[in-house]
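>>> Provide a 3D model corresponding to the input given below.
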Amino acid sequence: METALLAAISMGRDLLQKNIERPSLAKQSPESEHNPDGRIAAKPITVTGFHQDEDGHWVVELSCGHTQHLRHQPPWQSRAWVTDPAQRLEKIAQPFACGWCAQGMVSDNLGH
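Down below sits the predicted model:
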């Protein structure tokens, strides 16, 4: 009986030592991508314009249709360029990472 018990313990140790964790998905599949329909990847988001809100803060207008505040409130938010008309003009048609679109890509896959 002792021999069988020792063999079982030994086998259990061997199994624990050989425990190799593997990812649940062996390769990327379309179901695991954030935007399987390619909405965002098709066209980069760019700056189309600027306006000021009712409090005088600058807001960037984006090609995706979203807007985003670009406040210059040092030392927390340092964007001195938004206060200069020439520097704002230089940003028109430049790529811009839209936070709203980035959130949408993740939340679209979570289910409602």
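>>> For residue 64, which non-adjacent residue is spatially closest?
residue 45 (4.8 Å; C-beta to C-beta, 6 or more residues apart in numbering). Where you see a C-beta, it was placed from the backbone N, CA and C, and this is true even at glycine.
>>> wait, what's in contact with residue 74?
residue 80 (C-beta atoms under 8 Å, 6 or more residues apart in numbering).
>>> got a pLDDT number for it?
pLDDT recorded at residue 74 is 81.
>>> Over to the one 3 residues further on?
At residue 77, the pLDDT value in this model is 82.
>>> and it, bridged to which residues?
Listed beta-bridge partners, residue 77: residue 73 (assigned using DSSP bridges).
>>> same deal with residue 68?
Here residue 68 sits in beta bridges with residue 60, going by DSSP bridges.
>>> can you map out the helices along this protein?
For the chain, applying DSSP state H gives helices covering 2-17, 85-91, 99-107.
>>> and the gap between residue 48 and residue 74?
Residue 48 sits 27 Å away from residue 74, taking C-beta to C-beta, to the nearest Å as the criterion.
>>> Output the below-cut-off pLDDT ranges for the chain.
For the chain, the stretches flagged by pLDDT under 70 are 1-2, 4-42, 104-112.
>>> What about residue 94, how many residues nearby?
9 (other C-beta atoms under 10 Å).
>>> Please apply the same query to residue 79.
Using other C-beta under 10 Å, the number of residues around residue 79 comes to 14.
>>> now it: how far from residue 98?
From residue 79 over to residue 98 (counting by C-beta to C-beta), the distance is 16 Å.
>>> Then residue 3?
Distance, residue 3 to residue 98, by C-beta to C-beta: 68 Å.
>>> of those two, who's got more company?
residue 98 (20 against 7).
>>> Can you give me the separation between the closest residue to the more buried one other than its chain neighbours and residue 68?
With sequence-adjacent residues excluded and distances taken as C-beta to C-beta, 6+ apart, residue 98 is closest to residue 45, at 4.8 Å. For residue 45, the distance to residue 68 (C-beta to C-beta) stands at 11 Å.
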